[in-house]
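# Dropping a prediction and its sequence here:
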Amino acid sequence: MLERNFIVIAGEEAGPRSNKMGGIWNVIDAEATNLARLVSNGDIGENNPPTIIVAGPFYGHSGADWNKGLNRITDMSGLEEMEDEGEIFETIEEIKKKGIDVFAGTEQVNGVKIIHLMFRTNDFCRVSTEYKGQEMCLANFIKSEAYDFINLDSMAYENMNNGIEYTHYLNLSYAISEFVKTLVTLREKSAEEYEDKAISEFAASLMPAVHVSLHCHEFGVFYAAARLEKIGINVQTVATYHATIPGRSSGHRSICKVREKDSSWDSGVPVNFAKLESLSSYADVVTAVGDSTLKEIKLFYGIDSIVVRNGIDLHQIDIDWEKKKEHREKIQEFLSEKIYNVHDSKVIPPNRIIPIFSISRIEIENKGYPDLLDSLVILDRRIKTQIEAGHLDENYRVICFIVAAHGPKTKTPDNFPIYLPEELLIGEEIRLQQMIRERRLECSRIPDGNRHVTAVLYPQWLSENDGGLNMKTEEFMAGCIAGIFPSRYEPFLLTGLEAGKEATPSIVSKICGFSDALGTLKRLVMGMGGVIVVDNINIPYLESISDYALAMDYFIDTYIDDKIKYNLLCQEANLLAGDMNWEEPTKQYYELLTGTRMK
């Protein structure tokens with residue numbers, strides 16, 4: 001019998017980069033592209049390679065996004081059109097009859113096709129259908145069915161302050177599961193069109209048997225796995241946690257909850273999201289990106305899982321030192337010029353500016369921004385002492401970018417972000433800027449030497465046209481001297497690996513999910529290496545922020561005084577990223593999704 005295998009990788013953040021909210025897009029994209037490379041190399045599916053499908057939401061115009069602040073608009077212009085034949089095309093045509101709009105496109109990775117399917121869900125309230133003999137809109141059909149299947153109380157959940165987001169997740173999960181259901185049953189449905197049983201059976205025998213595996217990333221699409229289980233569709237499903245909802249709400253306190261076996265939820269936990277997250281129990285396999293997340297899943301939901309760590313795509317073997325130098329000089333010249341323009345001060349020589357950075361979501365406590373700012377104050381005292389002792393040129397200035405924003409900004413003023421008017425900031429961006437001022441770390445204090453270390457809030461998504469540095473994220477990371485990620489709650493920390501990919505040393509907190517993997521790093525220099533772990537779990541706060549400051553000082557001193565050693569630290573950071581690539585995690589996911597043991 002002919003067989004066709006499909007692997008569907010689904011997530012609320014899947015799809016073209018215009019849908020990117022955070023690191024999960026990188027994970028989904030990396031899994032799909034690495035699957036394609038494994039197929040291309042003949043490592044998987046040698047005789048019957050799987051068709052790779054990425055499934056996510058479609059935001060067709062301004063206002064279609066459930067999060068009006070992000071205002072994401074899906075751009076599929078970089079994808080090729082999909083052929084109007086075959087099982088995928090037929091399945092799309094079938095679900096369109098049910099009122100589910102799907103936008104399809106394809107891309108080639110090493111000669112292997114990846115299909116992107118974007119589902120529009122914001123118009124389900126305008127699609128008429130019937131449930132148990134009663135006419136209703138598709139949105140209400142989905143809620144009614146979910147209540148009957150698993151007692152999902154959408155009537156209550158949609159009236160919470162995050163109800164629009166909850167409804168979007170439910171609709172998206174339904175659309176994905178309906179696509180999978182239709183794809184799996186397409187063979188039988190096509191054969192049923194023949195009235196004669198013998199002809200029907202013969203027709204079915206000529207059609208390939210369809211096997212589908214579904215990988216659900218994060219709680220926003222976990223209902224898809226639950227629904228397929230409830231309607232009896234034979235699909236292998238994997239649900240992957242990148243964090244837990246109760247864990248995110250507890251933040252840095254979650255580690256205490258795990259230690260004390262305290263499974264209670266804090267009052268701020270969004271119970272509708274947590275309910276969706278608990279539906280991972282319907283999946284065949286549950287995975288966590290790190291050990292701490294595995295413990296949280298068991299603690300808060302009583303669900304057993306296995307660890308499949310995240311990775312990084314690193315294909316370039318040699319470090320492009322000249323490019324790193326160009327990016328660094330661009331950042332230094334930018335800062336020198338903008339500080340002079342805004343503060344009408346003396347020119348700080350560009351080559352005396354030391355740029356470092358931190359980048360993450362704007363979760364102030366969870367991401368450890370208070371710890372970072374306090375450590376910068378200590379670093380300032382350290383730099384000042386070195387200058388007064390004659391060990392360091394008095395013109396040196398350390399500038400730490402804090403890249404954190406609620407969403408992309410369409411208009412930025414001249415000299416952004418050194419000039420940062422209050423009206424440009426929203427929400428936690430305002431609070432973070434106030435914290436910088438409270439510690440006297442504003443840029444205005446460094447031209448005259450009042451401060452030698454400063455923090456610059458960069459409330460924008462980095463891009464080539466962001467109105468500031470106008471650099472890609474990877475260019476920005478490559479140009480900075482070091483990255484610092486002092487998270488108090490961090491299931492994995494992709495940004496540390498992203499920095500290593502660009503051969504930039506970094507400082508990470510012990511709480512982050514990949515810190516335990518650093519023991520495998522090949523050391524090129526004795527002592528402190530290219531990735532330094534600061535214990536923010538077992539030692540007092542004052543000691544941990546001092547350790548952050550000393551680690552930054554170590555990278556700065558090495559960069560200034562010993563370029564050869566600094567380059568070795570860069571290579572160490574790059575080696576770690578190379579060791580933690582995406583190939584092994586992708587193979588693990590493939591085994592879990594297909595039941596096929598890799599060689």
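Yes, it's here.

# Of all the residues in the helix or strand I24 falls within, which ones are buried?
Taking DSSP states H and E as the definition, one finds I24 inside helix 23-40. By neighbour count with 16 or more other C-beta atoms under 10 Å, helix 23-40 contains the buried residues 23-39. Every C-beta, even on glycine, is put in place using the N, C-alpha and C of the backbone.

# so the helix or strand following it versus helix 23-40, what angle?
Secondary structure here is assigned by DSSP H and E; on that basis, the next helix or strand after helix 23-40 toward the C-terminus is strand 51-57. Between strand 51-57 and helix 23-40, the angle comes out at 170 degrees (axes from the mean of the first three to the mean of the last three C-alpha atoms, to 10 degrees).

# Show the secondary-structure elements that strand 51-57 is packed against.
Using 3 or more C-beta pairs under 8 Å, 6 or more residues apart in numbering; DSSP states H and E as the contact definition, the elements that strand 51-57 packs against are strand 3-11, helix 23-40, strand 112-120, helix 163-191.

# just checking, next helix/strand downstream of that strand?
Of the helices and strands lying after strand 51-57 in sequence (DSSP H and E), the nearest is helix 86-96.

# same for the helix or strand following that next one, what does it pack against?
Past helix 86-96, further along toward the C-terminus, the next helix or strand under DSSP H and E is strand 101-109. Using 3+ C-beta pairs under 8 Å, 6+ apart as the contact criterion, the neighbours of strand 101-109 among helices and strands are helix 23-40, helix 86-96, strand 112-120.

# how about 6 Å then?
The helices and strands touching strand 101-109, judged by 3 or more C-beta pairs under 6 Å, 6 or more residues apart in numbering; DSSP states H and E, are strand 112-120.

# What ranges does the stretch 301-450 of the chain have for its strands?
306-307, 353-359, 397-403 (DSSP state E, counting those that start in this stretch).

# now these as a markdown table including distance to S544?
Shown next, in a markdown table, are the strands of the stretch 301-450 of the chain (distance: least, C-beta to C-beta, whole Å):
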| stretch | distance to S544 |
| --- | --- |
| strand 306-307 | 26 |
| strand 353-359 | 15 |
| strand 397-403 | 17 |
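
# Of all these, which one comes closest to N470?
Comparison of the strands of the stretch 301-450 of the chain against N470 by C-beta to C-beta identifies strand 397-403 as nearest, at 13.7 Å.

# Nearest spatial neighbour of A577, chain-adjacent residues omitted?
Ranked by C-beta to C-beta, 6 or more residues apart in numbering and with sequence neighbours excluded, the top spatial neighbour of A577 is G500, at 3.5 Å.

# Isn't the one you found up against A573?
Yes: using C-beta atoms under 6 Å, G500 and A573 qualify as a contacting pair, with a distance of 4.1 Å.

# if we can go back for a sec, could I get the helices and strands packed on strand 51-57 as JSON lines with mean pLDDT and distance to F273?
JSON lines is the format used below for the helices and strands packed on strand 51-57 (pLDDT from 0 to 100; distance: least, C-beta to C-beta, whole Å):
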{"stretch": "strand 3-11", "mean pLDDT": "94", "distance to F273": "15"}
{"stretch": "helix 23-40", "mean pLDDT": "89", "distance to F273": "15"}
{"stretch": "strand 112-120", "mean pLDDT": "95", "distance to F273": "20"}
{"stretch": "helix 163-191", "mean pLDDT": "90", "distance to F273": "7"}
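
# Hmm, G105 is touching H116, no?
Yes: checked against C-beta under 6 Å, the pair G105 and H116 is within contact range at 5.0 Å.

# Which one, of the strands of the stretch 301-450 of the chain, ends up nearest to R597?
Checking those against R597 by C-beta to C-beta gives strand 306-307 as the closest, at 15.4 Å.

# That closest one - contacts with which helices or strands?
Helices and strands in packing contact with strand 306-307 are not found; criterion 3+ C-beta pairs under 6 Å, 6+ apart.

# Listing partners with orientation, what would you give for it?
Within its sheet, strand 306-307 is paired with strand 285-288 (parallel), according to DSSP bridges.

# Residues touching the strand it pairs with, excluding its own?
238-241, 280, 294, 297, 303, 305-308, 592 (C-beta atoms under 6 Å, 6 or more residues apart in numbering).

# which of those residues are buried?
With neighbours counted using 16+ other C-beta under 10 Å, these contain these buried positions: 238-241, 280, 294, 297, 303, 305, 308, 592.

# Among the residues you listed, which are located in strands?
With strands taken from DSSP state E, the overlap with the buried ones among the contacts of strand 285-288 comprises 238-241.

# Pull the most distant pair out of those residues.
In those, the most distant members under the criterion C-beta to C-beta are V238 and Y241, with 10.9 Å between them.

# Following the worst-scoring helix or strand of the chain on mean pLDDT in sequence, what is the next regular element?
Taking mean pLDDT, DSSP states H and E as the measure, the helix or strand of the chain with the lowest value is helix 197-206, at a mean of 52. Next along the chain after helix 197-206, taking DSSP H and E as the criterion, comes strand 209-217.

# partner strands of that next one, parallel or antiparallel?
Paired neighbours of strand 209-217 in the sheet (DSSP bridges): strand 3-11 (parallel), strand 236-241 (parallel).

# Can you give the distance from it to the centre of its chain?
Remark: strand 209-217 is offset 22 Å from the chain centroid, using C-alpha atoms, centre = their mean, to the nearest Å.

# What residues of that strand count as buried?
Of the residues in strand 209-217, those scored as buried under the neighbour-count criterion (16+ other C-beta under 10 Å) are 210-217.

# Over to stretch 58-65?
By neighbour count on 16+ other C-beta under 10 Å, the buried set for stretch 58-65 is 58-59, 64-65.

# Ok, stretch 569-583 next?
Buried positions in stretch 569-583, judged by neighbour count with 16+ other C-beta under 10 Å: 569-582.
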